[in-house]
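*Asks:* Have a look at this fold, sequence not included:
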């Protein structure tokens, strides 16, 4: 089973990387940057959804319009705030 990645699409969220889906479209999701960069691995996170239609709806809503309400984005902000506090 191959996966297709749509990296040409843009989003307002700074964590957004791409929309991914399986070759048969049964698995789809939004790929976001890794929440803790500098951990030593070049990894990212895929938020999986039921199908490509649901994925595109989520991308349009959370990644474009109200990305600051996304729980993943909020966790990233909290992680970066803690990292800033540790460096003081």
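*Replies:* Now that the structure is in, tell me what you want to look at. Here the structure is a predicted model, which is why all the values come from computation and not from measurement. Numbering: from 1, shown residues only.
*Asks:* Find the nearest non-adjacent residue to residue 55, please.
*Replies:* Of all residues not flanking residue 55 in the chain, residue 28 sits nearest, at 4.1 Å (Cβ to Cβ, 6 or more residues apart in numbering). (Each C-beta comes from the backbone N, C-alpha and C, glycine too.)
*Asks:* right, and that neighbour touches residue 54 too?
*Replies:* Yes: between residue 28 and residue 54 there is a contact under Cβ atoms under 8 Å: 7.2 Å.
*Asks:* Looking at those two, which one has more neighbours?
*Replies:* Comparing residue 28 with residue 54 by other Cβ atoms under 10 Å, the one with more neighbours is residue 28, at 23 against 13.
*Asks:* quick one, helices of the protein?
*Replies:* 52-58, 71-86 (DSSP state H).
*Asks:* what's the model's confidence in the longest one, averaged?
*Replies:* Within the predicted structure, the mean pLDDT of helix 71-86 is 77.
*Asks:* quick one: contacts for residue 72?
*Replies:* 15, 32, 35, 45, 47 (Cβ atoms under 8 Å, 6 or more residues apart in numbering).
*Asks:* Kindly report the same for residue 63.
*Replies:* Residues near residue 63 by Cβ under 8 Å, 6+ apart: 11, 12, 13, 16, 30, 70.
*Asks:* ok, for the last one, nearest residue in space, not its chain neighbours?
*Replies:* Nearest-residue entry for residue 70: residue 62, 4.5 Å, with adjacent residues in sequence omitted and distances by Cβ to Cβ, 6+ apart.
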